[in-house]
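Chemist: Give me the fold of what follows.
(one chain, ligands or ions: 2)
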Amino acid sequence: MLVNAKQVLAAASREGYAVGHFNINNLETIQAIMSGATAKKSPVILAVSKSAIKYAGLDNLVALVRLAAQKADIPVILNLDHGPSVELARECIDAGFTNVMIDTSGLPYADNVAATREVVAYAHERGVSVEAEIGALAGTEDNISVAEQDARYTKVEEAVSFVADTGIDSLAIAIGTAHGVYKGEPRLDFDRLLAIHQAIPETPLVLHGSSGVPAESLREAIKRGIAKINIDTDLRQAFLRTINAKMNAEPESVDLRAILGAGREAIQHTIEAKIDIFGSAGRA
Ligand code: G3H
Ligand code: ZN
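Modeler: Ligands and ions are numbered 1, 2, ... in the order given. Predicted coordinates:
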């Protein structure tokens, strides 16, 4: 069933696990994520970025997710990932999304608050929950790049005021993760994370850029208040590596379904492994 993120993330926060947020782009990614989450009896968040909308079409993605959620026996959240504008957030809410992330974190504080408040008002009237971000992660997400030297860790005081000023339901924070492929091993600022969590214990915290972060670090982050973990690159790599290997092994094959199907299976395995790390299995 399709639900908003409020109760699902509140339960995760309370009970000390995290819900996986996985990016979708097409039928295969939706099927893989849904099969993995269903096999693990876990709640799941399907994430759609602006580029995914451009690629697959908003109406197509919503129809596919709605049908998949209807058939599944687990809570499913359909989320706009890194929504760059109030207009797109509204459009997604009107189309049936159950959570939206408004990401105007690149704007000055007052403008970030103003845009986020507008989305919160529109969303809450319609039973949709809202995530927003304070701070800046390095790396590239949805064609938006932040250089390493421009990354900015979230400050405790600004997290407190941002939540109070906006009324958001969950908060994405920057504590050392980055979008995309890591060059070295990511180092997370766990002390900062715990301090933020203790300052706003009622607000579920979100970790972006979580592909490539070691399982131990993810577990530690969950212990210190992370309730939602965003994964995209790990899924893309699983899919593309598998397809590539299969095509190299069978260069004469023209069986589109066998090739895409192998990629789909690889994503499903990745989803199940992540859910085991996040501790959300059996929580549906
Ligand atoms: O919003 C999506 C994510 O933060 C995914 O980041 O591609 O580094 O896993 P990732
Ligand atoms: Zn992200």
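Chemist: which parts of the chain sit against ligand 2?
Modeler: Counting by Cβ under 5 Å from the ion, the chain comes close to ligand 2 at 141, 208, 230. To be clear about C-beta, it is placed using only N, CA and C from the backbone, and glycine gets the same treatment.
Chemist: Now for those residues, which sits with the most neighbours around it?
Modeler: In terms of neighbours by other Cβ atoms under 10 Å, the residues of the chain next to ligand 2 top out with residue 208 at 28 neighbours.
Chemist: surely that residue meets residue 170?
Modeler: No. Look at residue 208 against residue 170 with Cβ atoms under 8 Å: they stay out of range, at 11.6 Å.
Chemist: which residues are in contact with stretch 248-258?
Modeler: 246-247, 259 (Cβ atoms under 8 Å, 6 or more residues apart in numbering).
Chemist: And the residues you listed, which is closest to residue 272?
Modeler: Checking the contacts of stretch 248-258 against residue 272 with Cβ to Cβ, the nearest one is residue 246 at 20.1 Å.
Chemist: Going by neighbour count, list what's buried in the helix ranked longest in the chain.
Modeler: Longest helix in the chain by number of residues (criterion: DSSP state H): helix 256-278. Within helix 256-278, the residues that count as buried by 16 or more other Cβ atoms under 10 Å are 259-268, 270-272, 274-275, 277-278.
Chemist: cool, stretch 14-30 as well?
Modeler: 17-26, 28-30.
Chemist: Give me the mean pLDDT for it.
Modeler: For stretch 14-30, the mean pLDDT works out to 98.
Chemist: Just name the shakiest helix or strand of the chain by mean pLDDT.
Modeler: Least confident helix or strand, the chain: strand 144-146 with a mean of 73, by mean pLDDT, DSSP states H and E.
Chemist: With just CA atoms, put the next helix or strand after that strand into CSV.
Modeler: Later in the chain than strand 144-146, the nearest helix or strand by DSSP states H and E is helix 156-166. Extracted C-alpha coordinates of helix 156-166, given in CSV (Å, rounded to 0.1, in the frame of the first residue of the first chain):
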residue,chain,number,x,y,z
VAL,A,156,23.4,21.6,15.1
GLU,A,157,21.9,25.1,15.7
GLU,A,158,20.9,25.5,12.1
ALA,A,159,19.3,22.1,12.0
VAL,A,160,17.2,23.1,15.1
SER,A,161,16.1,26.4,13.7
PHE,A,162,15.4,25.0,10.2
VAL,A,163,13.1,22.3,11.5
ALA,A,164,11.3,24.9,13.7
ASP,A,165,11.1,27.5,10.9
THR,A,166,9.8,25.1,8.3
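Chemist: So what touches helix 156-166?
Modeler: Contacts of helix 156-166 (Cβ under 8 Å, 6+ apart): 109, 112-113, 116-117, 120, 132, 134-135, 168, 171, 173, 192, 195-196, 199-200, 203.
Chemist: Tell me the secondary structure at residue 183.
Modeler: Classification of residue 183 using DSSP: H, G, I helix; E, B strand; the rest coil returns coil.
Chemist: cool, residue 25 as well?
Modeler: Once three-state DSSP is applied, residue 25 turns out coil.
Chemist: Need phi/psi at it.
Modeler: Here is the backbone geometry of residue 25 (degrees, to the nearest 10): phi -140, psi -20.
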